[in-house]
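Participant: Pasting the sequence and the predicted model now:
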Amino acid sequence: MTVFPQSYDGIALVAPVTIGYERTSDHGAAYFAGRALRALLDRTGLKKDEIDGLALSSFTMKPDTAVAATAHFGLSPRWLEDIPMGGASGVVAMRRAARAVQMGDADIVACISADTNNKDSFSSLVADFSLFSRDAVHPYGAAGPNAVFSMITQNYMREFGAAREDFGRLAVAQRRNARDNPHALFHDPLTLETYMNARPIAGPIHLFDCVMPCAGADAFLVMSVDRAKSLGLPYVVIKGAVERHNAYADDPVPTRGGWAMERERLYGMAGLGPKDVDFVETYDDYPVISFLQIEDLGLCAKGEAGRFFRDTDTTIDGQMPHNTSGGQLSAGQAGAAGGYLGLVEAIRQLTGDKAPSAQIAKARHGLVSGYGMVIYDRCLCTAAALLARGDA
Ligand SMILES: CC(=O)CC(=O)SCCNC(=O)CCNC(=O)[C@H](O)C(C)(C)COP(=O)(O)OP(=O)(O)OC[C@H]1O[C@@H](n2cnc3c(N)ncnc32)[C@H](O)[C@@H]1OP(=O)(O)O
């Protein structure tokens, strides 16, 4: 049997922060990132010069990166990362920040994701996802994620016999979860009938299969467990965390991602299995990608996610709560912050931080996964983490 070292001992995640999502904003991304930093300081009582590490993810702060953010915010970090990985950004930032703290490269790392959304930002974001897509794919009309995910969804339905209703059950359950999240942009209940009758967007994808771009920020801090205790902060520990990029590059259309490649390492590192997971937060820009994560991370067999959502109550009070904030499909997609939503929500659930979402009764272990960047038909960045309550 392969033995994986327990790699993230002594590391704490604290202070989950969300800067309320807005459909559109005239403010730039730096405004949202700055508010997130301020909220981290206010929550913890830390001073700005105690933050000596920064990981930043933003699509819409460009041409500025994390480097410029240090000047905007008057930070002078010893450790700095710009993580341009969309939906994988949260777990990747957490993983790398944890390593930096373990190695003594930083004591306290602020992990921040922020984006704005105005009339130009989303179209320029899609145009700039990759030069390859812009030059070789967009001229043929398959421009942007809606077209890419139409193909992935269609292929999944053909391969595994899934129906639109299967995806609908995920969207309906998540909307129920959004009810108690004041930051969510959609609160009205969604019925399967409304889901099925929504306007078509691309192929099998209809309106409620798509995220809605918005502005906002999410953030958290990484520090040592000792420091979290001395500050009196409730914290979460990392039992395992993995990332994998450009996995299964020879698959003609993805039906699996890097989670499948890294699953054994993730659970082996944690000394836990899928049965130990109390709730799961997947990256849900479209339901099909959550299906892949649920399968690849071992919560059900390949091709069985439709049945999983049929047979399992995934609402916050159910057997396996999934995307307990409503996920991006109901909360909104704050650009790169969409890649932090599930992670920040998991920290909230495991620290017993009741605001803003409802609380899962007695959650000890949470599984969080991320996926980011659509280039042609490829899910390029994948990541996952197993987290536990500080006292679990
Ligand atoms: C980043 C990574 O790493 C990987 C990824 O996540 S890739 C995904 C990146 N994100 C996307 O591609 C965004 C996908 N979404 C879209 O393209 C658009 O939301 C859409 C095409 C589905 C709809 O856009 P649109 O037709 O221009 O709608 P719009 O004019 O904005 O709004 C009209 C109505 O539809 C609603 N609406 C818009 N998008 C919606 C959505 N996704 N879900 C539900 N309702 C939506 C609006 O609230 C509005 O309702 P009201 O009239 O009641 O106010």
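Facilitator: Everything's here; your move. Residues are numbered from 1 along each chain as shown.
Participant: Check the residue in the chain that the ligand sits nearest to and give its pLDDT.
Facilitator: Nearest residue of the chain to the ligand (C-beta to the nearest ligand atom) works out as G86 at 2.0 Å. Every residue, glycine included, has its C-beta placed from N, CA and C. pLDDT recorded at G86 is 91.
Participant: Give me the nearest residue to it, chain neighbours excluded.
Facilitator: G372 (3.1 Å; C-beta to C-beta, 6 or more residues apart in numbering).
Participant: these two touch, right, the one you found and Y340?
Facilitator: No - using C-beta atoms under 8 Å, G372 is not in contact with Y340; the gap is 11.1 Å.
Participant: Quick check: neighbours shared by these two?
Facilitator: S89 (C-beta atoms under 8 Å, 6 or more residues apart in numbering).
Participant: Looking at the two, which is more packed in?
Facilitator: Remark: of G372 and Y340, Y340 carries more neighbours, 32 against 26, as counted by other C-beta atoms under 10 Å.
Participant: Where does that one sit: helix, strand or coil?
Facilitator: When classified by DSSP: H, G, I helix; E, B strand; the rest coil, Y340 comes out as helix.
Participant: Please renumber the chain so that the first residue is 25 from this point on.
Facilitator: Happy to do that; since the first residue is 25 now, the last one works out to Y364.
Participant: Next up, the contacts around it.
Facilitator: S81, S113, G114, A117, C135, S137, D242, A243, F244.
Participant: Rebuild these as a markdown table, extending it with distance to T306, pLDDT and neighbour count.
Facilitator: Converted to a markdown table, the contacts of Y364 look like this (distance: C-beta to C-beta, whole Å; pLDDT from 0 to 100; neighbours: other C-beta atoms under 10 Å):
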| residue | distance to T306 | pLDDT | neighbour count |
| --- | --- | --- | --- |
| S81 | 18 | 96 | 33 |
| S113 | 15 | 97 | 33 |
| G114 | 12 | 98 | 37 |
| A117 | 17 | 98 | 32 |
| C135 | 19 | 98 | 30 |
| S137 | 17 | 97 | 33 |
| D242 | 16 | 97 | 32 |
| A243 | 20 | 98 | 29 |
| F244 | 18 | 98 | 30 |
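Participant: Inside helices: which ones of the residues you listed?
Facilitator: S113, G114, A117 (DSSP state H).
Participant: Can you tell me the number of residues neighbouring A387?
Facilitator: 20.
Participant: Quick check: it is in a helix.
Facilitator: No - counting by three-state DSSP, one finds A387 to be coil, located in no helix.
Participant: need the contact list for the residue lying closest to Y180 once chain neighbours are set aside.
Facilitator: Nearest residue to Y180, sequence neighbours excluded (C-beta to C-beta, 6+ apart): V312, at 5.2 Å. By C-beta under 8 Å, 6+ apart, the contact set of V312 is F173, I176, T177, Y180, F191.
Participant: Check which helix or strand V312 maps to.
Facilitator: In this assignment (DSSP states H and E), V312 forms part of helix 311-320.
Participant: after that helix comes which helix or strand?
Facilitator: By DSSP H and E, the next helix or strand past helix 311-320 is helix 329-335.
Participant: hmm, the helix or strand just after that following helix touching the ligand?
Facilitator: Note on helix 329-335: by DSSP H and E, the next helix or strand toward the C-terminus is helix 351-355. No - using C-beta under 6 Å from any ligand atom, helix 351-355 stays clear of the ligand, with a minimum separation of 7.2 Å.
Participant: Nearest the middle, which residue of this structure would you pick?
Facilitator: G363 (3.3 Å; C-alpha atoms, centre = their mean).
Participant: Am I right that it is in contact with C135?
Facilitator: No - at 10.8 Å, G363 does not count as touching C135 under the criterion of C-beta under 8 Å.
Participant: Identify the contacts common to the two.
Facilitator: G114.
Participant: Pairing partners for the helix or strand hosting I225, with directions?
Facilitator: Following DSSP H and E, one finds I225 within strand 224-226. Strand 224-226 pairs in its sheet with strand 229-230 (antiparallel), by DSSP bridges.
Participant: neighbouring contacts of the partner strand?
Facilitator: Taking C-beta under 8 Å, 6+ apart as the rule, strand 229-230 contacts N170, F173, S174, T177, R188, Y219, M220, A222, R223, P224, Y310.
Participant: So the second one: helix, strand or coil?
Facilitator: Secondary structure state of F173, per three-state DSSP, is helix.
Participant: quick one: it and P311 touch, right?
Facilitator: No - between F173 and P311 there is no contact under C-beta under 8 Å: 9.2 Å.
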